[in-house]
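**Q** any chance you can model this:
(one chain, ligands or ions: 1)
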Amino acid sequence: MMNPLSDWWNYLKVKLGFQPDTSFVARQLKKPGGFYAGKITDRMNKVNHSLLELTLSQFKPGSGERWLEIGFGNGKHLSGVLNDCDLNSLHGLDHSAEMIAMAERENAKRISDGKMELKLGCSSEIPWPDSFFDRVYCNNVIYFWQNPQLHLREIKRVLKNGGELACGFRSRSTMKNLPFTNHGFVLYEPGEWADTLRRAGFEELRQHLVTESRELNPSLNISLESVCLVGRKPPAQ
Ligand SMILES: C[S@@+](CC[C@H](N)C(=O)[O-])C[C@H]1O[C@@H](n2cnc3c(N)ncnc32)[C@H](O)[C@@H]1O
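**A** This is a model prediction of the structure:
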C-alpha cells in the first residue's frame, strides 16, 4: 500500500494547503498511515460518530460478553464502548500498525487492566480461536473486502453459535457522490449486503437505516444514508 512518490507529492500538496489526491485519500481510508494518519482519523471520527452510535445501539449492553471490533481507526472510542456496554472484554483487530499504536496509546489503562486487547491483522485471518466472541462489529470496513465471503467465513468462525455480527456502512447511492470511492471501494445498497450476509450463512437479519442531515457534515455537502445490518450465526443444531 505504500507509494513513496505519491506520498511525497501529497505531503507537499497538504503542506501548501491543497487537498490531497482522491486516490491517496482512498488508500488512507483503507489503511491509514504516515503523515496523514492523524488528520484522516480525526476526520473519520467526526464524520462516522453517528454511524458508530447506530451500530452499537443494535446490541444490548452485554454484561460478561466478549466483543470484537474490526477496523477501529485510531480507537478513541474504544474505552467508552467498553464502559458503556458493560462488557467482560473488548477486543480490536486492525491491519494498520499505526492504528494499533494510536489506539494502544488512547486505551493504555484498559489494556493494562486486562479489559481490552488489540491485535494487528486482517479480517481474512482473525487471530482468535473458534467461537470466542459473543458479538462482532465493524464500521466502514466492508468496502475494502474484495472477497467478502472470505472475511465473513472468518467472522462466523470466531463467533459463538447464536452470536451476532453488525456491519455499519454508507449505501452506494451515498458513497458514489464521494470521488475517493472510485478507487477500489466495493459499494452496496442495503439489500445487496443483506444477500451477501445470507449467502455467508447469517440469519434473522435486521436492518436499520438513518438519513443524516446535511448540516451534520457541511464539508461533504451531501446527506449520508447510514445503514447497519445485523445477522446471527445460527444456534447449534
Ligand atoms: C475507513 S476506516 C474506518 C474507521 C472507523 N471504523 C470509522 O468508521 O471511522 C477503515 C479502518 O479499517 C481498517 N481495515 C480496513 N480493512 C481491514 C481488514 N481487512 N482487516 C482489518 N482492518 C481493516 C483500516 O486500517 C482502518 O482503520
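**Q** who does the most centrally placed residue in the chain form a beta bridge with?
**A** Closest to where the C-alpha atoms of the chain average out (Cα atoms, centre = their mean) is Asn139, at 3.0 Å. Taking DSSP bridges as the rule, Asn139 bridges to Gly168.
**Q** for it, give its distance to Asp113.
**A** Counting by Cβ to Cβ, to the nearest Å, the gap between Asn139 and Asp113 amounts to 25 Å. Bear in mind the C-beta positions are built from the backbone N, C-alpha and C, glycine included.
**Q** repeat for Gly163
**A** From Gly163 over to Asp113 the distance is 25 Å, taken as Cβ to Cβ.
**Q** okay, the two: which has more neighbours?
**A** More crowded of Gly163 and Asp113, by other Cβ atoms under 10 Å: Gly163, with 22 against 8.
**Q** quick check, pLDDT for the more buried one.
**A** pLDDT recorded at Gly163 is 96.
**Q** per-residue pLDDT, the closest residue to Gly33 other than its chain neighbours?
**A** Leaving aside its chain neighbours, Gly33 sits nearest to Glu98 (4.6 Å; criterion: Cβ to Cβ, 6 or more residues apart in numbering). Here the pLDDT value assigned to Glu98 is 96.
**Q** helix or strand: which one has Glu98?
**A** helix 97-106 (DSSP states H and E).
**Q** and the helix or strand following that helix, which residues are buried?
**A** Per DSSP H and E, helix 97-106 leads on to helix 108-112 as the next helix or strand towards the C-terminus. For helix 108-112, the neighbour count (16 or more other Cβ atoms under 10 Å) marks Arg110, Ile111 as buried.
**Q** right, I'll leave it there.
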